[in-house]
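K.L.:
just a sequence and a predicted model for now, questions to come.
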Amino acid sequence: MAYRIRDFSLSLLMTVFFFPVIAIIGALIIFVYGRPVFYSEKRMGLHGRLFTLYKFRTLKPVQGQVKEKDDLEGRVLKNGTPENCRGGFFKFLRKYSLDELPQIWNVLAGDMSIVGPRPMPAHELLHRFGSDASKITSVRPGLTGLWQINGRNDLSTEERRRLDLGYVETRSVLLDCKIILKTFSAVLSGRGAY
């Protein structure tokens, strides 16, 4: 309950603080590319409950079944691939994680937490974690977490797996505070985001 109260309070403050930025980004997307403004996808949440995750739409749609590079395990992204990013403005949004601002509403709704393992589609969660998938879904997925502050997409799949499991096993208010503070420098550096 304490985690939920913290998440609701922080996400409410973030909504007020970032609302002008969210409104401007949304308006620019509509002006340049039209609707929809958001990309949505079903992800696994607390106790395996599916929820709809939202992001700003920054990628050109892909036609048919397009596979990505091996380091992303050939996962098909329904909203495009990093190589198909729409342009400089949208690359900027992705580099500094501004495309993920709509997930503040996922936190407000109780689907996500400020800190936790990264939410994944069901098939990806099972592929990456196997029998440990239930450990990952024993907590709410987060806006940020250990692998986001330790290299993000520059990390290998195994490193991400280890960090997410490590978070679940050692979760604490102090660890969450450290992750939140380090998230600012990780986001501002833009390292590992694409």
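P.N.:
Good, I have the coordinates.
K.L.:
low-scoring stretches of this structure, by residue?
P.N.:
60-87, 190-194 (pLDDT under 70).
K.L.:
all the helices of it, in order from the start?
P.N.:
2-33, 88-95, 103-108, 122-129, 133-136, 157-170, 173-189 (DSSP state H).
K.L.:
as CSV, these with mean neighbour count would be great.
P.N.:
C-beta: built from backbone N, CA, C; applies to glycine. Compiled in CSV, the helices of the chain are given as follows (neighbours: other Cβ atoms under 10 Å):
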stretch, mean neighbour count
helix 2-33, 14
helix 88-95, 17
helix 103-108, 20
helix 122-129, 16
helix 133-136, 16
helix 157-170, 16
helix 173-189, 14
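K.L.:
in CSV: these, plus distance to G116.
P.N.:
Output for those, formatted as CSV (distance: least, Cβ to Cβ, whole Å):
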stretch, distance to G116
helix 2-33, 9
helix 88-95, 21
helix 103-108, 10
helix 122-129, 13
helix 133-136, 9
helix 157-170, 7
helix 173-189, 9
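K.L.:
so which of those gets nearest T144?
P.N.:
helix 173-189 (4.4 Å; Cβ to Cβ).
K.L.:
and that closest one, what does it pack onto?
P.N.:
In terms of contacts (3 or more Cβ pairs under 8 Å, 6 or more residues apart in numbering; DSSP states H and E), helix 173-189 is packed against strand 113-115, strand 142-144.
K.L.:
hmm, back to that, please name whichever of the helices of the chain is nearest to N150.
P.N.:
Closest among the helices of the chain, once you apply Cβ to Cβ, is helix 157-170, at 6.2 Å.
K.L.:
from the middle of its chain, how far away would that closest one be?
P.N.:
In terms of Cα atoms, centre = their mean, to the nearest Å, the centre of helix 157-170 is found 16 Å from the chain centre.
K.L.:
out of the helices of the chain, which is closest to G45?
P.N.:
Here helix 103-108 is closest among these (Cβ to Cβ), at 8.9 Å.
K.L.:
tell me what that closest one is packed against?
P.N.:
helix 2-33, strand 50-56, strand 142-144.
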